[in-house]
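Peer 1: missing the sequence, but the structure's below:
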């Protein structure tokens, strides 16, 4: 047999993909299409950063304009969950691996910050960093067995991992088990990461972390890793045939995702100042992340942000207005709205916007991707 | 020694309970099987040890006791496993046929348990006889769920169906809380309450026996329904290839709606059987749906036999793990087993 085609294919491992990030492949037009200038591609790629600037400017001004504690609370929760959605979007939106277990990383982050201060009197910032490292390590260890499974089997496996970690925390006396940790009150300040008189500092810290998260997502999305992940999402076998090692890149995506999720867990713990396993490891947290991202639009930068902007105020305000009765009316309303949205807008809000406004631009993007795929193959 | 115990020296419950004094505290312990739970601690086992004068030599005692304990734990786990299997079969059929994860499955179970509770409380209809009514109620609930909600999302891309069923589960759970408060309710005086069967060293609670037998019978019925009847074959055809089934003249809409109803009917029966020894409250289905996810994946999607066998495995694993490691770890053991088995069989034990 003639071996040469195989050799040729093996040689430039990551080469074609690198080329297409620079827009060179569009110009070569391998399928004989007209040459396209690289300029519009670059313009489109920069747009999310401008949007991010605008959104964060608005979010930065809002709490000053509306000086209402409830509003500040909703804003903080929005920023936390939008960022969690972004983190989840890396592994599910880009790499196509549906994880139902992100509460595990969230909880690890929350507990790291709380335990650091509660047990050892260490600054929660160090706890946050440690938590992020631990969560990343846990995600790496767990990923090996879990990523061998595909589709629903993978989703259930992530659920199983999160439940195991939850069960361990419930009966682990070092972290106070099921009792939970009430973080001791300390002097207000950035060093202790506790603010008692106003929620504004929390707003701005969370905003900064949110901006960082969106930038990380953009960086991943635009990088070679992002292209690999989308290739894996499209078809793992095809990606493998092109010399991509799916296990490795899925692992990277999971680690990045776990790292970010854990940081927001720490922020959440420092904001609420009380955590127990039923709160931070709850399936409800994992599901909320899934829901808002799917609602907004899977795999897009603004999906989680839009989803959180709708879902979080809805859930928080229904709780504030109706939750006091203890009869669950808030969650009935919330659940019913989710059903309605799912039934009538299954594509997510970003999908809705795309199908109306940006159909042309969208076709351009997917056309590029398709041409890239054929060119590389 | 508990009431009705024939063999105090080797009574497994005496040994179990004397070894682990603090068990009564865990809420689900009030209701599960006698060996791994603490129900007996409060009501039926006033004294934890047998009469010391009637003890045999220590060696015999230990040997007989150890075997008895293992048997007790195994049978208890087996019986719960059958019930888990029935819950999982309902989920598995829906999942296998239309590729929809029904997150409201546990809430269907809860609805069934409340139906059984109210039928008993208001009409004195024992769950032993009222199960066809619960089955019909949850069948109708499933059928309606499909017609009103799932029909719109079943072909939608991504996770829209998941979103919809999760929303539905929130609505059902909180509606139950709104209507009937989150209090735990028990059916205390049903026909099977506090009756037990003693086979040598093994003590079997009558509610658990009835639940296990009922679950096995229902699972077998569903299996033969899907294998043998016209509707069942239509379900199989639709699950294999929806478009081809349509071309063969199968009304796939009807099949989907019926499948959702059938999945509901399974939990309808399971709920009726569980209500006689499990507390009824708005969250009572949540645990079962989590276990059912694992069992369905372990058995392979849409595979009824697989779900039955996986249910038994999970039930026994839960009982053994709960007994030897402590109740707080029993679900960790279950999930760990799932992860381990999937390493060897990544598409489930009996998956295609």
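Peer 2: In hand now; what should we look at? Keep in mind the model is a prediction, meaning the values are calculated, not measured.

Peer 1: pLDDT weak spots in the chain?
Peer 2: No chain in the question, so chain A it is. Residue ranges of chain A with pLDDT under 70: A:1-46, A:324, A:326, A:346-347, A:355-377.

Peer 1: actually, chain B is the one I wanted.
Peer 2: In chain B (pLDDT under 70), the answer is B:1-56, B:157-158, B:351-352.

Peer 1: got the residue ranges for the helices in the stretch 101-250 of chain A?
Peer 2: Along the stretch 101-250 of chain A, the stretches classed as helices by DSSP state H, counting those that start in this stretch are A:102-120, A:124-146, A:151-170, A:200-222, A:224-234, A:236-241, A:246-272.

Peer 1: select the longest helix from chain B.
Peer 2: In chain B, taking DSSP state H as the definition, the longest helix is helix B:58-98.

Peer 1: just the helices of the stretch 101-250 of chain A: most buried one?
Peer 2: helix A:102-120 (a mean of 27; mean count of other C-beta atoms under 10 Å in any protein chain shown). All C-beta spots, glycine's among them, are computed from the backbone N, C-alpha and C.

Peer 1: measure residue B:204 to chain A for me?
Peer 2: 28 Å (C-beta to the nearest C-beta, to the nearest Å).

Peer 1: was I right about that residue contacting residue B:78?
Peer 2: No - using C-beta atoms under 8 Å, residue B:204 makes no contact with residue B:78, being 10.0 Å away.

Peer 1: compare the two (neighbour count), which wins?
Peer 2: Neighbours were tallied for residue B:204 and for residue B:78 using other C-beta atoms under 10 Å in any protein chain shown; the higher tally belongs to residue B:204 (20 against 17).

Peer 1: which residues touch that one?
Peer 2: Contacts of residue B:204 were listed using C-beta atoms under 8 Å, 6 or more residues apart in numbering or on different chains, and they are B:34, B:75, B:76, B:79, B:196, B:197, B:198.

Peer 1: and if you look at residue A:102?
Peer 2: Residue A:102 touches A:84, A:87, A:88, A:158, A:162, A:257, A:258, A:261, A:285, A:286, A:289, counting by C-beta under 8 Å, 6+ apart.

Peer 1: kindly reformat those as JSON lines containing distance to residue A:304.
Peer 2: Shown next, in JSON lines, are these (distance: C-beta to C-beta, whole Å):
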{"residue": "A:84", "distance to residue A:304": "8"}
{"residue": "A:87", "distance to residue A:304": "9"}
{"residue": "A:88", "distance to residue A:304": "7"}
{"residue": "A:158", "distance to residue A:304": "18"}
{"residue": "A:162", "distance to residue A:304": "19"}
{"residue": "A:257", "distance to residue A:304": "12"}
{"residue": "A:258", "distance to residue A:304": "16"}
{"residue": "A:261", "distance to residue A:304": "12"}
{"residue": "A:285", "distance to residue A:304": "14"}
{"residue": "A:286", "distance to residue A:304": "14"}
{"residue": "A:289", "distance to residue A:304": "8"}
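
Peer 1: between those residues, which sits nearest chain B?
Peer 2: Relative to chain B, the closest of the contacts of residue A:102 is residue A:162; by C-beta to the nearest C-beta it sits at 8.8 Å.

Peer 1: now the residue most central in space within chain B: closest residue in space, sequence neighbours ignored.
Peer 2: With distances taken as C-alpha atoms, centre = their mean, the residue of chain B nearest its centroid is residue B:84 (3.0 Å). Excluding its sequence neighbours, the residue lying closest to residue B:84 (C-beta to C-beta, 6 or more residues apart in numbering or on different chains) is residue B:311, at 4.2 Å.

Peer 1: same question for residue A:315.
Peer 2: residue A:334 (5.2 Å).

Peer 1: repeat that for residue B:257.
Peer 2: residue B:146 (4.4 Å).

Peer 1: residues contacting the most centrally placed residue in chain A?
Peer 2: The C-alpha lying nearest the average C-alpha coordinate of chain A belongs to residue A:87 (C-alpha atoms, centre = their mean; 1.8 Å). Residues near residue A:87 by C-beta under 8 Å, 6+ apart: A:102, A:213, A:217, A:256, A:257, A:258, A:260, A:261, A:264.
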